[in-house]
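1. Please work out how this folds:
(one chain, ligands or ions: 1)
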Amino acid sequence: MSCWKTTRYEIDLARPRVMGIVNVTPDSFSDGGRHADAASALRHCEQLLREGADILDIGGESTRPGSPAVPLHEELARVLPVVREAVGLNVPVSVDTAKPEVMAAVLDLGADILNDVWALRWPGAAEVVAGHPACGVCLMHMHRDPQTMQAAPMAGDAVPQVLLFLERAAQALQARGVHRSRIVLDPGIGFGKTVAQNFALLARQDELLAAGYPLLVGWSRKSSIGAALQGDAPAPPPPEARVAGSVAAALMAVERGARIVRVHDVRETVQALAVWRQVRENY
Ligand code: HH2
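-> As a prediction, the model looks like this:
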């Protein structure tokens with residue numbers, strides 16, 4: 001069975017892993033402002049660990065559609081104090097960033113994983129990963145950029161396009177000398193895709209697995225979940241009322257072969273996966 005090689009940990013992916021989201025931001029789409037200072041972000045890290053998170057994912061810039069870019073000094077000021085403490089919590093620490101300067105700074109602090117929604121397309125980012133001996137990396141597919149992605153989502157069948165993009169991104173990184181055991185791929189649910197394209201990426205997730213890398217997916221509280229839950233209501237439920245729908249999507253993703261799920265609601269996801277494992281491992 002595969003494992004994900006990261007700075008300090010080889011994460012065994014025989015068991016599906018839960019990555020808990022820690023947004024140190026004032027404006028994230030579902031929990032913006034709730035953990036915006038370092039002390040409350042750290043308390044949130046500890047809470048997620050008590051709930052059973054296997055990995056922490058710390059981010060200092062929202063990528064919700066239309067979100068403003070965060071200047072480098074601001075992102076560093078948000079993320080570094082949290083990462084400095086989180087690396088002492090005995091759990092793999094991932095940092096959600098696209099900026100090479102932030103990547104280099106968090107690796108200096110001992111971070112284990114770089115999670116990049118831009119798949120290392122910012123100049124200098126791939127060099128930071130290739131220049132590090134061991135960090136893990138998550139390469140995610142995004143169509144266009146957070147400012148424009150929902151105004152003009154992808155056209156046509158998203159599945160082969162996402163697969164081709166991710167395969168190329170992984171191969172380009174390996175060509176720089178990064179071993180494939182350090183790489184996981186993510187289809188980027190909600191990043192420039194229609195609701196139908198997002199659900200096609202779940203229904204046909206096996207096509208993405210054909211690339212041969214572990215898959216990480218993030219359905220948590222996203223607008224496609226809201227759309228599925230809306231029914232005849234005039235508006236979708238707000239993000240915090242999408243928990244059960246999000247857990248259902250995470251579970252379906254794991255059943256279809258995803259190895260890591262990135263979630264806000266760790267306790268609920270861990271419970272669902274515990275039940276899933278009872279059946280999967282014993283019968
Ligand atoms: N989604 C978000 C952010 N980072 N990283 C990966 N690998 N996959 C994802 O699906 C993904 C991600 C968006 O969710 P969230 O962090 O909750 O919101 P925001 O970007 O508004 O902070």
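2. which SS state does Gln171 fall under?
-> Following DSSP: H, G, I helix; E, B strand; the rest coil, Gln171 is assigned to helix.
3. wait, isn't Ala107 in contact with Val128?
-> Wrong residue type there; residue 107 is Leu, not Ala. Yes: the pair Leu107 / Val128 is scored as a contact, 7.1 Å apart, by Cβ atoms under 8 Å. Where C-beta positions appear, they are placed from N, C-alpha and C, glycine not excepted.
4. Which neighbours do those two have in common?
-> Shared between the contact lists of Leu107 and Val128 (criterion: Cβ atoms under 8 Å, 6 or more residues apart in numbering) are residues Leu114.
5. What is the burial count for Asp186?
-> By other Cβ atoms under 10 Å, 27 other residues sit near Asp186.
6. how about the strands of the chain, start to end?
-> Counting by DSSP state E, the chain has strands at residues 3-5, 10-12, 17-23, 55-59, 93-96, 113-116, 136-140, 183-186, 216-217, 260-263.
7. Which residue does this protein have closest to the ligand?
-> Proximity of the chain to the ligand (Cβ to the nearest ligand atom) peaks at Gly218, 2.5 Å away.
8. show me what contacts that residue?
-> Asp186, Gly188, Ile189, Gly190, Val261, Arg262, Val263.
9. repeat that for 7 Å
-> Under the criterion of Cβ atoms under 7 Å, 6 or more residues apart in numbering, the neighbours of Gly218 are Asp186, Ile189, Arg262.
10. now Trp4
-> Ile11, Leu13, Gly136, Val184, Pro214.
11. For the third one, which non-adjacent residue is spatially closest?
-> For Gly136, the nearest residue in space outside its immediate sequence neighbours is Thr6; the separation is 3.4 Å by Cβ to Cβ, 6 or more residues apart in numbering.
12. Just send the strands of the chain back as JSON lines, with mean pLDDT too.
-> Conversion of the strands of the chain to JSON lines gives the following (pLDDT from 0 to 100):
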{"stretch": "strand 3-5", "mean pLDDT": "97"}
{"stretch": "strand 10-12", "mean pLDDT": "98"}
{"stretch": "strand 17-23", "mean pLDDT": "97"}
{"stretch": "strand 55-59", "mean pLDDT": "98"}
{"stretch": "strand 93-96", "mean pLDDT": "98"}
{"stretch": "strand 113-116", "mean pLDDT": "98"}
{"stretch": "strand 136-140", "mean pLDDT": "98"}
{"stretch": "strand 183-186", "mean pLDDT": "98"}
{"stretch": "strand 216-217", "mean pLDDT": "98"}
{"stretch": "strand 260-263", "mean pLDDT": "98"}
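13. Tabulate those (JSON lines), appending distance to Ala155.
-> Below are the strands of the chain laid out as JSON lines (distance: least, Cβ to Cβ, whole Å):
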{"stretch": "strand 3-5", "distance to Ala155": "33"}
{"stretch": "strand 10-12", "distance to Ala155": "36"}
{"stretch": "strand 17-23", "distance to Ala155": "30"}
{"stretch": "strand 55-59", "distance to Ala155": "29"}
{"stretch": "strand 93-96", "distance to Ala155": "27"}
{"stretch": "strand 113-116", "distance to Ala155": "24"}
{"stretch": "strand 136-140", "distance to Ala155": "20"}
{"stretch": "strand 183-186", "distance to Ala155": "21"}
{"stretch": "strand 216-217", "distance to Ala155": "22"}
{"stretch": "strand 260-263", "distance to Ala155": "26"}
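14. buried sites along stretch 255-263?
-> Burial within stretch 255-263, assessed by neighbour count using 16 or more other Cβ atoms under 10 Å, is assigned to Arg256, Ala258, Arg259, Ile260, Val261, Arg262, Val263.
15. For the first one, what are phi and psi?
-> Torsion angles at Arg256 (phi, psi; degrees, to the nearest 10) stand at phi -90, psi 10.
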